[in-house]
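A.B. asks: I would like to see how this sequence folds:
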Amino acid sequence: MKIAASRVLQLNPLPRGAGILSGILLILATLAPVALQAHEEVPGAGVQSFTSILKGKSGDYRLDLMYSPSLPTAGEPANIGVGLKRLLVTPDPLLGSEVPVTAPPDVALVDQKTKQIVIERLPLASEGTAGDFELTDYEFPDDGSFLLRIVVHTDDGESLTQEYPISVKANAGARFRLWVNLAVAILILGLTAMQLTKIRARGGEAAEMVRPAAIGLVALVSAVFLMDRFILGAVLDFRKPIVQDTDASSVITNEDGSYTIAATVQKELGLTLVEAKEVSLGQMVNAYGMVEGRPDLTAVVQAPLWGRIEFSKGPLAVGDTVKKGQELVHVILELNALERGLMEAKDVDIKGAKKRAEDRRNAARLEYDRIKALRASSPIYEADEAWAKQLFDQATADYNEIVRQDTTYQAVMKFRDPRRTPVASPINGVITTIDFLPGELNLTAEYRNLFTIVDPSQVWVRAQVVVSDVSRLKDGKSVRVYPASSQSKPLTGKIRWIGDTIDPVNRTAPVLVDVSNEGRVFALGSFARLQFEQAQKVLAVPEHAVVDEGTSRWVYVAREQGTFAPVQVELGIKQDGWWQVTSGLVEGDQVIAKGAALLGSLPKPPPMPPEALSPDGHPEEMSDSASVPAAPASRQLTEASSPANP
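C.D. replies: Numbering: from 1, shown residues only. This next block holds a predicted model:
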């Protein structure tokens, strides 16, 4: 018995090498968490969100992406949320400015460096709210830098693609567990192997090795089980950072529909407050009128004589531009056969008289020359010379008078058959009417209208303004003038005249506006929209402080202790980034300016259950408010919904 006991005692002490190995493994197990950074932020301690506007042929889409934690860990659960809304150009009275898209987009995981697709399609599932999709407790297969490629398929078959970066870190906790378990296994297996080696060295039988081998196996399983299930989990949990309290990192929805938001979350959401105050806004009075030419820049061209009317150089049409002094038409006067016959007969008479006068002048010249020769030879012919000279001078004078009459009559004949009278434009402008047909005869001696020419560089706009607005207008006040069917840059005009006659049917008064028509923006006879601005002090808030749902409009008013209550308001003038508030607010109210739309997308509070009501039908006092889960508030923005009713 003593010998057996001595043998057993010789087997128990560990050799020096085994002790050294055990110490090294324990030190490795102790330092492994530090080396492997097991103390990093736990999953779920952050969130990463993106918002993009995708522009398509059929319209624009707003794409919201959220994944949590902000730095996912390979092999550990992560949440991915996608919100997809179609943006309306004009807000719908029922749907608002955004319409949720029910068809889920395609989401793929792409390697950022190689652009190779790692996972072709992530299994997105629809959430309870339309247009929101989620992937819950997804485990990334490997660490590295990736891209989330989201493809949106529109109704007209177009595909819009957007990529977002995502980094997945290595699972340090899993590696730490692996290293520790491996160290324990090596330690136990090493000790067991040394025991078996000693038994074999002293010539022991195989039956003697069963017990040490069984003890080593049981010790290995027990140690690994205890380390993995109890000890390692506690060590990793102990080394995790302390997570902030739920109330300090959440958005709390209260019974009355207001929200309590911690200062840290307000900073995360980028919420800013602004005071509702009185600002000077111009109230716009709109009216429509017709563009017409100014009388002092309008010319009516008339025919000066009766006759046939023809264009001078080429045909003209309404809308053609003409210059001052440009010949427009000729009035052509042609003689009829009777008038032409009489004129020709008179011409023959004049020419016959001219011939006879010429013969008399020649005969008188011969007689005068003969008497002059006789007078040179004898003085007794002196009286005859004087008489012959008198006859010659009279014949010459008669001839010259008939020649003058013939020349004048030839000019008259040339002028009268046919007679062409040019008619020129008196001003620069545009032809607005043509009141004759080419070749038409003006059969009366009265003047008749041929053209109306208007200079369009300065025009009038004659509008009818409602009586209640006319009292606010003054002569000489500036007016914005727009083409009726265009949103182009307006021209500036001035009120020239305000009528004092009221239309008994429409209750409007005429207003005349003088406009400098630069670039000929306004065509004569077209419609124009007049915008009269009248500044006044009104209560207003910034435009982006208003959540516009189409049928209702809200602002979030700051109450005590970080509480924001949605208040329905009625609005008026919107100008220069400010929106007039006609009811719902008072001067000095603090409202959320930047970030109001984010609160507008939070879900409404659930309806109050009947058991929560007192016998008189009012809500009973409750000690705690209903709290939204502690996920970061930016995640909740994908749950598009209207604000709670106050």
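
A.B. asks: Residue 482 and residue 205: what is the separation?
C.D. replies: Between residue 482 and residue 205 the distance is 110 Å, computed by CB to CB, to the nearest Å. Placement of C-beta: from N, CA and C, glycine included.

A.B. asks: try residue 560
C.D. replies: Relative to residue 205, and taking CB to CB, residue 560 is found at 86 Å.

A.B. asks: just residue 547 next, same as before
C.D. replies: Distance of residue 547 to residue 205, given as CB to CB: 87 Å.

A.B. asks: what about residue 482 and residue 205, which has more around it?
C.D. replies: Using other CB atoms under 10 Å, the more surrounded residue of residue 482 and residue 205 is residue 482, with 19 against 9.

A.B. asks: Would you agree that one is in contact with residue 522?
C.D. replies: No - between residue 482 and residue 522 there is no contact under CB atoms under 8 Å: 9.7 Å.

A.B. asks: Overlap in contacts, the two.
C.D. replies: Residues touching both residue 482 and residue 522 (CB atoms under 8 Å, 6 or more residues apart in numbering): residue 528.

A.B. asks: Just the mean pLDDT for stretch 563-579, thanks.
C.D. replies: Model confidence over stretch 563-579, given as mean pLDDT, is 86.

A.B. asks: for stretch 162-176, same thing?
C.D. replies: For stretch 162-176, the per-residue pLDDT averages 81.

A.B. asks: Show the end-to-end separation of that stretch, please.
C.D. replies: End-to-end distance for stretch 162-176, by CA to CA, to the nearest Å: 37 Å.

A.B. asks: Then stretch 90-106?
C.D. replies: Using CA to CA, one end of stretch 90-106 lies 28 Å from the other.

A.B. asks: need the contact list for the residue nearest the centre of the chain.
C.D. replies: Residue closest to the average C-alpha location in the chain (CA atoms, centre = their mean): residue 89, at 8.7 Å. Residues near residue 89 by CB under 8 Å, 6+ apart: residue 59.

A.B. asks: let's see it at 10 Å
C.D. replies: Each residue near residue 89 by CB atoms under 10 Å, 6 or more residues apart in numbering is listed here: 59, 60, 97.

A.B. asks: PyMOL command for the buried members of these?
C.D. replies: Selection of buried members from those for PyMOL, criterion 16 or more other CB atoms under 10 Å:
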select buried, resi 97
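
A.B. asks: Just put the contacts of residue 89 in a markdown table and tack on pLDDT.
C.D. replies: As requested, those are exported to a markdown table (pLDDT from 0 to 100):
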| residue | pLDDT |
| --- | --- |
| 59 | 83 |
| 60 | 86 |
| 97 | 75 |
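
A.B. asks: which one among the contacts of residue 89 gets closest to residue 358?
C.D. replies: residue 59 (99.1 Å; CB to CB).

A.B. asks: For the strand or helix carrying residue 496, which outside residues touch it?
C.D. replies: Per DSSP states H and E: residue 496 is located in strand 491-498. The contact list for strand 491-498 (CB under 10 Å, 6+ apart) reads 294, 459-462, 465, 470-471, 473-483, 509-519, 521-522, 528, 530, 532.

A.B. asks: mind putting the contacts of residue 89 in a markdown table, distance to residue 407 included?
C.D. replies: Formatted as a markdown table, these follow (distance: CB to CB, whole Å):
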| residue | distance to residue 407 |
| --- | --- |
| 59 | 86 |
| 60 | 87 |
| 97 | 90 |
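
A.B. asks: The contacts of residue 89 in helices, which ones?
C.D. replies: Judged by DSSP state H, helices contain none of those.

A.B. asks: ok, so of the contacts of residue 89, who is nearest residue 175?
C.D. replies: residue 60 (45.5 Å).

A.B. asks: nearest spatial neighbour of the closest one, skipping sequence neighbours?
C.D. replies: residue 87 (4.5 Å; CB to CB, 6 or more residues apart in numbering).

A.B. asks: Give the burial count for that neighbour, as a bare number.
C.D. replies: For residue 87, the count of nearby residues is 15 (other CB under 10 Å).

A.B. asks: Offset the numbering so it begins at 336, please.
C.D. replies: Sure, I'll start numbering at 336, so the last one becomes residue 422.

A.B. asks: Isn't it up against residue 396?
C.D. replies: Yes - the pair residue 422 and residue 396 qualifies as a contact (CB atoms under 10 Å) at a distance of 6.7 Å.

A.B. asks: Between the two, which contacts overlap?
C.D. replies: Between them, residue 422 and residue 396 share these contacting residues under CB under 10 Å, 6+ apart: 388, 389, 390, 433, 434.

A.B. asks: Using ChimeraX, define a selection of the buried residues within these.
C.D. replies: In ChimeraX syntax, the buried subset of the shared contacts of residue 422 and residue 396 is picked out as below (16+ other CB under 10 Å):
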select :389,433,434
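
A.B. asks: Which pair of the shared contacts of residue 422 and residue 396 spans the longest distance?
C.D. replies: 390 and 434 (16.2 Å).

A.B. asks: low-scoring pLDDT stretches of the stretch 536-685 of the chain, where are they?
C.D. replies: 568, 571-585, 617-618, 639-641, 669-672, 674-675 (pLDDT under 70).
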